[in-house]
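In: Kindly return the folded structure for what I paste below:
(4 chains)
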Number of protein chains: 2
Amino acid sequence: MMTRPQRKNDPNAVRTRLLDCAAELIVDHGLSPLTLESVAREAGVSKGGLLHHYPGKDALTGGLFDQVVEWFDSQVEAALEADETKPARFSRAYLRVIAAIDMSVPEEKRLAVLILMLSSDPHYCARWNSWVETRLQRHKQTDLTPLARTLRLAADGLWLSDLGAGPDSDPMTRRDILQFLEDLDAGGATVAPDPHQEGL
Amino acid sequence: MMTRPQRKNDPNAVRTRLLDCAAELIVDHGLSPLTLESVAREAGVSKGGLLHHYPGKDALTGGLFDQVVEWFDSQVEAALEADETKPARFSRAYLRVIAAIDMSVPEEKRLAVLILMLSSDPHYCARWNSWVETRLQRHKQTDLTPLARTLRLAADGLWLSDLGAGPDSDPMTRRDILQFLEDLDAGGATVAPDPHQEGL
DNA sequence: GATTAAAAACCGTCCAGACGGTATGTTTTG
DNA sequence: CAAAACATACCGTCTGGACGGTTTTTAATC
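Out: Residues are numbered from 1 along each chain as shown, chains lettered A, B, ... in the order given. The predicted structure follows:
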């Protein structure tokens, strides 16, 4: 595809750099302290330059949100392809992606950004829910069981734990938890869907 | 105990009212939009009055944090007493308290405040981790198993889900999940502690 | 119990800094 | 040269909190 590096300074590169710097600043100092100036400075452009690409703070954070979700989606999709097991297929992929996060890899810090945005803005929260519900609908044959839900909930717990280096974010401990969850999965628990199925 | 309602206007009552109003404003509009003026107005005092009781915004939010943690602690302690089962005792109490949250009860909206504070300020995050680790140490005989950790992680997931009305926050669905987790518990899973035990 | 000193509770105003955003250039690219 | 890609200067607003004053409560003294 090659997004053609236009000779001198590719504006497309500037945009991704802006997003990257914003993400970095957010994981380092939180979401609210994020200022347009700081992002611009970090990315090596002026505030006016930033505003040129993202006409407002919402546009910037929104762009960041889109990018992170897209990345997460691709990760899940990859994990999904690598697993043929039937029950809780999607939820297991979801879990595996989150469990594989290594916060020391800058690439993967993005997930920290996502959780920060989710917990501080109901708007993004709704968009995230929409994403999840779409996948849930797509895999309704396999992922509407209490087991599947538990896998995802535990994944969210791990996710949250990562953010604050909680008592369960230790690599070894995490490995055990993950093992436990996978065993749980294989353990032939009931594959029946939720007893209660109101319309979605 | 009677915290002596000193005649006319109990300053102690004012303090709790300030905290209550702050909590309400936070769950309604988020954490960052919280302003001293809005809290003061809502509580029926002037900004100067607020500053008198809490000398700064940090003092206010810190006081709120303390209150919420204390409340949560008492809830867990109560759930702990009502359950004699051995394995994963603490973690199950933790789960039950969180699962019992009814966001329509103002009293219990506090937990939303907690998660908001945790995800937006690493300082509070550390204090929270400290609380958890203390209890974990206190119940190290029963709550250092992958099962126990899973229960708490799932609880955190539910907690987070509540915040944004996620696909698992539906009462019926939640009931099923909880049931599943409790069965998991009773299901005589291995009671052995984590394979890996590095020093804490 | 009346008087009074002092401490606590509370009010309303003002200010300095921060931030988002605009408006207007200036340079680079095609 | 026209349009995109930047930079610089500037404005309006908001907010934390400092500050000086006022009222109420408490404590001490007589």
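In: Using PDB, write out every CA atom in stretch A:85-94.
Out: This file holds the C-alpha atoms of stretch A:85-94, laid out as PDB (Å, rounded to 0.1, in the frame of the first residue of the first chain):
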ATOM      1  CA  THR A  85     -12.300 -24.100  19.200                       C
ATOM      2  CA  LYS A  86     -16.000 -23.500  19.200                       C
ATOM      3  CA  PRO A  87     -17.300 -22.400  22.600                       C
ATOM      4  CA  ALA A  88     -16.500 -18.800  23.700                       C
ATOM      5  CA  ARG A  89     -14.400 -18.200  20.700                       C
ATOM      6  CA  PHE A  90     -14.600 -14.500  20.600                       C
ATOM      7  CA  SER A  91     -14.300 -14.000  24.300                       C
ATOM      8  CA  ARG A  92     -11.300 -16.200  24.500                       C
ATOM      9  CA  ALA A  93      -9.600 -14.200  21.700                       C
ATOM     10  CA  TYR A  94     -10.600 -11.000  23.600                       C
END
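In: Quick check: buried residues in that stretch?
Out: Applying a neighbour-count criterion of 16 or more other C-beta atoms under 10 Å in any protein chain shown, one finds A:Pro87, A:Ala88, A:Arg89, A:Phe90, A:Ser91, A:Arg92, A:Ala93, A:Tyr94 buried in stretch A:85-94. Where C-beta positions appear, they are placed from N, C-alpha and C, glycine not excepted.
In: now those residues in TSV, with secondary structure, pLDDT and distance to DNA strand D?
Out: Listed next are the buried residues of stretch A:85-94 as TSV, based on DSSP: H, G, I helix; E, B strand; the rest coil; pLDDT from 0 to 100; distance: C-beta to the nearest atom of the strand, whole Å:
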residue	secondary structure	pLDDT	distance to DNA strand D
A:Pro87	coil	90	48
A:Ala88	coil	93	44
A:Arg89	helix	95	42
A:Phe90	helix	97	38
A:Ser91	helix	97	40
A:Arg92	helix	96	42
A:Ala93	helix	97	37
A:Tyr94	helix	97	36
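In: Please convert these to CSV, extending it with distance to DNA strand C.
Out: Formatted as CSV, those follow (distance: C-beta to the nearest atom of the strand, whole Å):
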residue, distance to DNA strand C
A:Pro87, 46
A:Ala88, 41
A:Arg89, 41
A:Phe90, 36
A:Ser91, 37
A:Arg92, 39
A:Ala93, 36
A:Tyr94, 32
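In: which two in the residues you listed are spaced the farthest apart?
Out: Spatial extent of the buried residues of stretch A:85-94 (C-beta to C-beta) is set by the pair A:Pro87 and A:Tyr94 at 13.8 Å.
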